[in-house]
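Participant: sequence and predicted model, in that order:
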Amino acid sequence: MDNLSVNEGKRKSLMEKVNQIPGIGLVMAMGSGISLATGGLTVKLVDSLSGIEIAVARSLVTCVLVFIFILFQRESFMPPSGERFPLLMRSVTGCIALIFSFSAIKLIPLGDSQSIVFSSPVFVSILGCLILKEPCGIVQIFSVFMAIGGIFLISRPSFIFPSNDVTLVSTSSNRTLGLTFALCSCLGASFTFICMRRLPKTPASVVVFWYSTFCVVAGTIVSFTNGTFTLPETLHDYGLLLLCGLTGLFGQGILTLALKIENAGPVSLARSIEIVMAFIYQVTILGESVSIYSGIGAIVLGIGVITVGLHKWYLSDPQQFNSIFCCKKKSNTTVNTFSNQT
């Protein structure tokens, strides 16, 4: 017992030191976005496997590492009795989101897929209104319209945009399928966030463990059923799969720490760098051009996500929000100075 209390004291003192670093929560959130975008890049670079097999490989790496972490922390693998069904639903929706996301990356440009999947916070706010009976106002409605407009520009339906104005990396049928996968991933991620709100007592490591385990089992079954299961062909692919698993775990881990240090609003704003990095990787490493419609659509989507983030920030800490964006402190100082002079 004494050793456990000493270890807990050391962890608390370490977190207190980390919290004292200015802007460390936002830096962690940006690091999470860069890490997850890098994971998406590895999916694109592995040619010998489909999105399902890559999702299984990433989940396997995460499962093993988190299993070791839980044993080291001496935590229970079982969630509280009242949170087992929400944990199951979180695992199911998270698995759907991951598999569809990786499958979409295989079919459409990296920037397009990541932009659509990243718009999930917008739909989370709407699902929160419909399922959790949270208040719904003009901010939620505006962000949804922006998200729909951004997705419309990225998808570029052929009945509006002529085919000669669209630069496609894959065939038209593959692009339609990839966009559908990206939308399904976005909706799956949205339901995942709703399920996470029902897991306040379950440790994050336990949630990630069971989610990863479910992805390994379900993904393997689906892969065998489709007859597409195969092993990587080269050591290079094995290395990319390991990197995919490590970047995914690292991105989720530092995002969890960022949310413990900083409010959800600023964190979601800082994480928007994931879209920027996806387009940078697409141009510099993958050598794929970016359509002007995709660029504008990503900006419109980003405005919707940023609106939701700013709204969350205002609701969680209105005093800090006003001091930064409304210059409230400066105006008070000016008034005091003027009154003293008169």
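Facilitator: Great, that's in hand.
Participant: buried ones in stretch 189-208?
Facilitator: In terms of neighbour count (16 or more other C-beta atoms under 10 Å), stretch 189-208 has its buried residues at 189-196, 199, 202, 204-208. Heads up, the C-betas are built off the backbone N, CA and C, glycines and all.
Participant: what strand or helix carries Gly248?
Facilitator: Assigned by DSSP states H and E, Gly248 belongs to helix 235-261.
Participant: how many neighbours does the closest residue to Pro203 other than its chain neighbours have?
Facilitator: For Pro203, ignoring the flanking residues on the chain, the nearest one in space by C-beta to C-beta, 6 or more residues apart in numbering is Glu75 at 5.8 Å. When neighbours are counted by other C-beta atoms under 10 Å, Glu75 registers 13.
Participant: try Glu134
Facilitator: Neighbours around Glu134, by other C-beta under 10 Å: 14.
Participant: how many other residues sit next to Pro121?
Facilitator: For Pro121, the neighbour count with other C-beta under 10 Å is 24.
Participant: what about it, which helix or strand?
Facilitator: helix 120-131.
Participant: Ile299: what's it in contact with?
Facilitator: Residues in contact with Ile299, defined by C-beta atoms under 8 Å, 6 or more residues apart in numbering, are Gly150.
Participant: pLDDT of the helix holding Pro121, averaged?
Facilitator: Averaged over helix 120-131, pLDDT sits at 77.
Participant: okay, it in PDB with CA atoms only?
Facilitator: This file holds the C-alpha atoms of helix 120-131, laid out as PDB (Å, rounded to 0.1, in the frame of the first residue of the first chain):
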ATOM      1  CA  SER A 120     -17.500  14.100 -36.600                       C
ATOM      2  CA  PRO A 121     -17.600  16.700 -33.800                       C
ATOM      3  CA  VAL A 122     -20.300  18.600 -35.700                       C
ATOM      4  CA  PHE A 123     -22.500  15.600 -35.900                       C
ATOM      5  CA  VAL A 124     -21.800  14.800 -32.200                       C
ATOM      6  CA  SER A 125     -23.400  18.100 -31.200                       C
ATOM      7  CA  ILE A 126     -26.600  17.200 -33.200                       C
ATOM      8  CA  LEU A 127     -26.700  13.600 -31.900                       C
ATOM      9  CA  GLY A 128     -26.200  15.000 -28.400                       C
ATOM     10  CA  CYS A 129     -29.400  17.100 -29.000                       C
ATOM     11  CA  LEU A 130     -31.400  14.200 -30.300                       C
ATOM     12  CA  ILE A 131     -30.200  11.300 -28.100                       C
END
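Participant: buried stuff in the next helix or strand after that helix?
Facilitator: Moving toward the C-terminus from helix 120-131, the next helix or strand (DSSP H and E) is helix 138-155. Buried residues in helix 138-155, defined by neighbour count with 16+ other C-beta under 10 Å: 139-140, 142-144, 146-147, 149-151, 153-155.
Participant: ok, now stretch 299-306?
Facilitator: Buried positions in stretch 299-306, judged by neighbour count with 16+ other C-beta under 10 Å: 300-306.
Participant: how about stretch 210-229?
Facilitator: If you call a residue buried by 16+ other C-beta under 10 Å, then stretch 210-229 has these buried ones: 210-216, 218-220, 222-223, 229.
Participant: off-centre distance for stretch 305-318?
Facilitator: Here stretch 305-318 is found 17 Å from its chain centre; the criterion is C-alpha atoms, centre = their mean, to the nearest Å.
Participant: related to what we said a few turns ago, of all the buried residues of stretch 210-229, the one with the weakest confidence?
Facilitator: In terms of pLDDT, Phe229 ranks lowest among the buried residues of stretch 210-229, with 83.
Participant: let me see the contact set for it.
Facilitator: Listed by C-beta under 8 Å, 6+ apart, the contact set of Phe229 reads 53, 220, 223.
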